[in-house]
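From the sequence below, what's the structure:
(chains A and B)
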Amino acid sequence: NAGVTQTPKFRILKIGQSMTLQCTQDMNHNYMYWYRQDPGMGLKLIYYSVGAGITDKGEVPNGYNVSRSTTEDFPLRLELAAPSQTSVYFCASSPQGISYEQYFGPGTRLTVT
Amino acid sequence: KNQVEQSPQSLIILEGKNCTLQCNYTVSPFSNLRWYKQDTGRGPVSLTIMTFSENTKSNGRYTATLDADTKQSSLHITASQLSDSASYICVVSVTGNQFYFGTGTSLTVIP
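Numbers count the residues shown, from 1 in each chain, chains lettered A, B, ... in the order given. Okay, the predicted model is just below:
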């Protein structure tokens, strides 16, 4: 099993550009999560999904969109990139909800200039 | 306000020594508390998950404790190794799939 994979590893965007961060898991987990990690700060939940077709907002959803058309994939979309979205983005999955261990991907480092 | 605070912010210890990291939280309603290890440039890896009723949980040389009354947790690392150098993150979850992450303790183990 590859676990949770994320692409790309690094990306530089200009202000106003759009992009999609890809996340795929091969563990047949129902729950998937997107976090951002800013320097010196704790991870913050952006969006999460409890299964295909179901998504919900986390603590910091503004400026982002998600979709979950399959169990395996949970892409994160940035429509109009802003410097405040410069961060490291982590995708995670778990078999079920908050009582279960989360498995994190390697992260995507995004810089918006 | 829901907060998770960790101390110390950073710590340097000699290989083979023990250390204890602290986590205080004001999150409610409490569901569980986790400790993660995050190597530089990698995603966090789970060490332990503890519910309200659990006081202690071990994972090899890592032992976590939880005092739900005082809202404190600690992570004790025994006989440290160079590979223990990482950031250790405390996370408290509440009902409704919300997670509150501490900023982490950066541990450096030197030979």
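
Looking at strand pairing, list the partners for residue 94.
Looking at chain A here, since you left the chain open. A:Y31 (DSSP bridges).

meant chain B actually
Note on B:V94: beta-bridge partners B:F30, B:Q98, judged by DSSP bridges.

now the strands: where do they sit in chain A?
A:4-7, A:10-13, A:19-25, A:31-37, A:44-51, A:54-57, A:64-66, A:76-78, A:87-94, A:103-104, A:108-112 (DSSP state E).

Actually, chain B.
Counting by DSSP E, chain B has strands at residues B:4-7, B:10-14, B:19-25, B:30-38, B:45-51, B:56-59, B:62-67, B:72-77, B:86-94, B:98-101, B:105-110.

mind putting those in JSON lines, mean pLDDT and mean neighbour count included?
All C-beta spots, glycine's among them, are computed from the backbone N, C-alpha and C. Shown next, in JSON lines, are these (pLDDT from 0 to 100; neighbours: other C-beta atoms under 10 Å in any protein chain shown):
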{"stretch": "strand B:4-7", "mean pLDDT": "96", "mean neighbour count": "17"}
{"stretch": "strand B:10-14", "mean pLDDT": "98", "mean neighbour count": "13"}
{"stretch": "strand B:19-25", "mean pLDDT": "98", "mean neighbour count": "19"}
{"stretch": "strand B:30-38", "mean pLDDT": "94", "mean neighbour count": "22"}
{"stretch": "strand B:45-51", "mean pLDDT": "94", "mean neighbour count": "18"}
{"stretch": "strand B:56-59", "mean pLDDT": "96", "mean neighbour count": "14"}
{"stretch": "strand B:62-67", "mean pLDDT": "97", "mean neighbour count": "18"}
{"stretch": "strand B:72-77", "mean pLDDT": "98", "mean neighbour count": "20"}
{"stretch": "strand B:86-94", "mean pLDDT": "95", "mean neighbour count": "22"}
{"stretch": "strand B:98-101", "mean pLDDT": "90", "mean neighbour count": "21"}
{"stretch": "strand B:105-110", "mean pLDDT": "98", "mean neighbour count": "17"}
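
one step back: redo the strands of chain A as a markdown table? Include mean pLDDT, mean neighbour count and distance to B:L11.
What follows is these, written out as a markdown table (pLDDT from 0 to 100; neighbours: other C-beta atoms under 10 Å in any protein chain shown; distance: least, C-beta to C-beta, whole Å):
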| stretch | mean pLDDT | mean neighbour count | distance to B:L11 |
| --- | --- | --- | --- |
| strand A:4-7 | 97 | 18 | 29 |
| strand A:10-13 | 97 | 14 | 30 |
| strand A:19-25 | 98 | 20 | 32 |
| strand A:31-37 | 97 | 24 | 20 |
| strand A:44-51 | 95 | 20 | 24 |
| strand A:54-57 | 96 | 14 | 35 |
| strand A:64-66 | 97 | 19 | 34 |
| strand A:76-78 | 97 | 18 | 33 |
| strand A:87-94 | 97 | 24 | 23 |
| strand A:103-104 | 96 | 21 | 23 |
| strand A:108-112 | 97 | 18 | 26 |
